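[1] I need the structure of the sequence given here:
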Amino acid sequence: MAHDNDALVRAVAGRIKADLDRLTPAMTTMFAEMIPEFRHDDEIRRLMVASTEANLTAILDMLTLGIAPDDVTVPPAAAEYARLFAQRELSLEALLRAYRLGEHMFVQRAIAVLAELAPPTEDALASAARVADVVNGYIDQVIEGLIDIFESERRRWDARTDAARAAQVRAVLDADDLDLASAEQMLSASLRGWHQFVLLWTPPGTADPVTALRAGTGVLAAVWGRAQMAVEVDEHTRWIWLASTARPVLDTVRLATELRVLPNLSMAVGDPAPGLDGFRQSFRDAQLARAVAVAARARGVTRHADVALAGLLADRVPDVQRWAERVLGGLMGEDETAARLRETVRVFLDARGSYTDAAARLHVHKNTVHYRVRRAEEVLGHPLTEHRLDIEVALLACAQLGLPRS
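    Numbering: from 1, shown residues only. Below is the predicted model:
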């Protein structure tokens with residue numbers, strides 16, 4: 001379809017094309033100044049320049065040859081740059097922002113050229129509108145393709161790198177004969193400092209588990225405040241490895257608080273430990289903490305330091321329940337009264353028999369603790385001082401493993 005000002009539009013395109021060698025670097029410099037994620041090394045910058053030049057050339061061809069937006073495809077250099085953006089885990093939003101900034105800069109350049117040509121005002125306005133319309137149509141069409149390219153590459157790259165990372169981490173964890181230097185080479189990271197593992201997971205049936213895992217990773221990153229390595233083991237599980245030159249201090253209280261916005265996500269935190277052996281031990285600790293959380297159907301954050309004993313028993317829950325029933329007798333009832341008595345006795349023994357301390361921890365009156373302890377001894381058929389260790393272990397296991405179960 002011909003337009004009254006086609007000749008003027010072609011003249012504008014011709015002048016811009018003649019100045020392309022200066023426009024391209026000016027535009028890429030602007031991207032780097034405005035968007036931190038465009039501050040690349042020399043090799044990647046060359047691809048960014050090629051992508052920018054390819055897009056500018058395609059726009060100029062549309063203006064010169066009258067190519068319709070529906071016939072536009074993403075230039076190969078631009079597609080490759082989008083793939084690289086995805087592989088480097090840079091944001092799609094930054095990439096799209098650059099296209100809109102480039103659109104604005106191109107239109108402003110066209111208006112400047114029209115001012116130089118000095119056509120009648122009506123022709124200048126119509127031509128400027130025509131250029132803006134063509135550029136906008138091109139950008140909309142290309143962005144639609146870029147989003148597909150970026151997201152497909154991110155999924156493919158995530159799957160490939162996570163599989164490789166998971167295999168590398170598993171090899172270091174499982175190969176006891178692997179020495180420190182070999183393990184560091186395999187992971188491309190130092191293992192001489194301190195390490196702490198955090199396992200994230202969502203239960204089966206969770207809607208969009210990958211998004212939940214990524215959100216949880218973001219929460220952990222904000223609390224930790226430093227770099228971390230994440231490995232997506234499957235769509236429901238992610239491992240995160242925290243490394244530090246000094247003993248890591250992870251604020252698990254804050255972590256648990258901020259995780260409440262993600263009720264379908266759970267975290268198990270291993271104990272921090274140094275060196276290659278510590279790398280392996282912290283992972284095993286986190287696995288045990290997760291086993292306890294799964295057994296107890298717990299949500300939120302589970303620290304190995306809080307459930308270490310139960311972690312040793314998590315794969316023998318039926319045996320533990322049978323033993324606890326022999327030790328605790330009637331205290332193993334499934335009703336609320338029995339559960340309250342179990343908790344009171346557990347806290348009372350942990351408070352070294354102090355009624356005052358136990359009352360403060362339970363937020364009840366001291367006389368209430370007196371009454372419940374006496375009632376528990378009646379149910380047991382003997383004082384708490386008798387078989388005290390067995391009683392304490394049984395109560396702790398019940399509390400951490402979510403016993404009794406019907």
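
[2] where does the stretch 151-300 of the chain dip in pLDDT?
    For the stretch 151-300 of the chain, the stretches flagged by pLDDT under 70 are 160.

[3] Please, where are all the helices along it?
    Secondary structure of the stretch 151-300 of the chain, counting by DSSP state H, counting those that start in this stretch: helices at 180-187, 209-224, 252-258, 275-295.

[4] For the longest one, which residues meet the burial criterion?
    In this case it means helix 275-295. Burial within helix 275-295, assessed by neighbour count using 16 or more other Cβ atoms under 10 Å, is assigned to 276, 278-295. Yep, even glycine has a C-beta here, placed from its N, CA and C like the rest.

[5] gap between the following helix or strand past it and the chain center?
    Next helix or strand after helix 275-295 toward the C-terminus (DSSP states H and E): strand 300-303. For strand 300-303, the gap between its own C-alpha mean and the chain's C-alpha mean amounts to 17 Å (Cα atoms, centre = their mean, to the nearest Å).

[6] List the strands paired with strand 300-303, with their directions.
    With DSSP bridges as the test, strand 300-303 is paired with strand 266-269 (parallel).

[7] who's in contact with the partner strand?
    Contacts to strand 266-269, defined as Cβ atoms under 8 Å, 6 or more residues apart in numbering, come from residues 196-202, 216, 220, 250, 252, 255, 259, 286-287, 289-290, 293, 298-304.

[8] can you redo the helices of the stretch 151-300 of the chain as JSON lines with distance to residue 46?
    Listed next are these as JSON lines, based on distance: least, Cβ to Cβ, whole Å:
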{"stretch": "helix 180-187", "distance to residue 46": "30"}
{"stretch": "helix 209-224", "distance to residue 46": "31"}
{"stretch": "helix 252-258", "distance to residue 46": "41"}
{"stretch": "helix 275-295", "distance to residue 46": "38"}
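
[9] out of these, nearest to residue 235?
    helix 209-224 (5.2 Å; Cβ to Cβ).

[10] Helices along the stretch 1-150 of the chain, start to end?
    Secondary structure of the stretch 1-150 of the chain by DSSP H, counting those that start in this stretch: the helices cover 6-18, 20-34, 42-65, 76-87, 92-117, 121-174.

[11] Go through the ones you listed and pick out the most buried.
    helix 76-87 (a mean of 20; mean count of other Cβ atoms under 10 Å).

[12] what angle do it and helix 121-174 make?
    Helix 76-87 and helix 121-174 are oriented at 40 degrees to each other (axes from the mean of the first three to the mean of the last three Cα atoms, to 10 degrees).

[13] now what about helix 76-87, what contacts it?
    37, 44, 47-48, 50-51, 53-55, 74, 92, 94-95, 142, 145-146, 149-151, 153-154, 157.

[14] hmm, back to that, how about the helices of the stretch 151-300 of the chain, which one is nearest residue 346?
    Closest among the helices of the stretch 151-300 of the chain, once you apply Cβ to Cβ, is helix 275-295, at 16.0 Å.

[15] what packs against that closest one?
    The elements that helix 275-295 packs onto, with contact taken as 3 or more Cβ pairs under 8 Å, 6 or more residues apart in numbering; DSSP states H and E, are helix 121-174, helix 180-187, strand 194-201, strand 266-269, strand 273-274, strand 300-303, helix 304-313, helix 388-401.

[16] Just the mean pLDDT for the last one, thanks.
    Yep, that's helix 388-401 we're talking about. The average pLDDT within helix 388-401 is 91.

[17] mind saving the C-alpha coords of it as PDB?
    Presented in PDB, the C-alpha positions along helix 388-401 are these (Å, rounded to 0.1, in the frame of the first residue of the first chain):
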ATOM      1  CA  ARG A 388      13.800 -40.600  82.700                       C
ATOM      2  CA  LEU A 389      16.200 -40.900  79.700                       C
ATOM      3  CA  ASP A 390      13.800 -43.200  77.900                       C
ATOM      4  CA  ILE A 391      10.900 -40.900  78.600                       C
ATOM      5  CA  GLU A 392      12.800 -37.800  77.300                       C
ATOM      6  CA  VAL A 393      14.000 -39.600  74.100                       C
ATOM      7  CA  ALA A 394      10.500 -40.900  73.400                       C
ATOM      8  CA  LEU A 395       8.900 -37.500  73.900                       C
ATOM      9  CA  LEU A 396      11.400 -35.800  71.800                       C
ATOM     10  CA  ALA A 397      11.000 -38.300  69.000                       C
ATOM     11  CA  CYS A 398       7.200 -38.000  69.200                       C
ATOM     12  CA  ALA A 399       7.400 -34.200  69.000                       C
ATOM     13  CA  GLN A 400       9.800 -34.100  66.000                       C
ATOM     14  CA  LEU A 401       8.400 -37.000  64.000                       C
END
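
[18] Right, I'll call it a day here.
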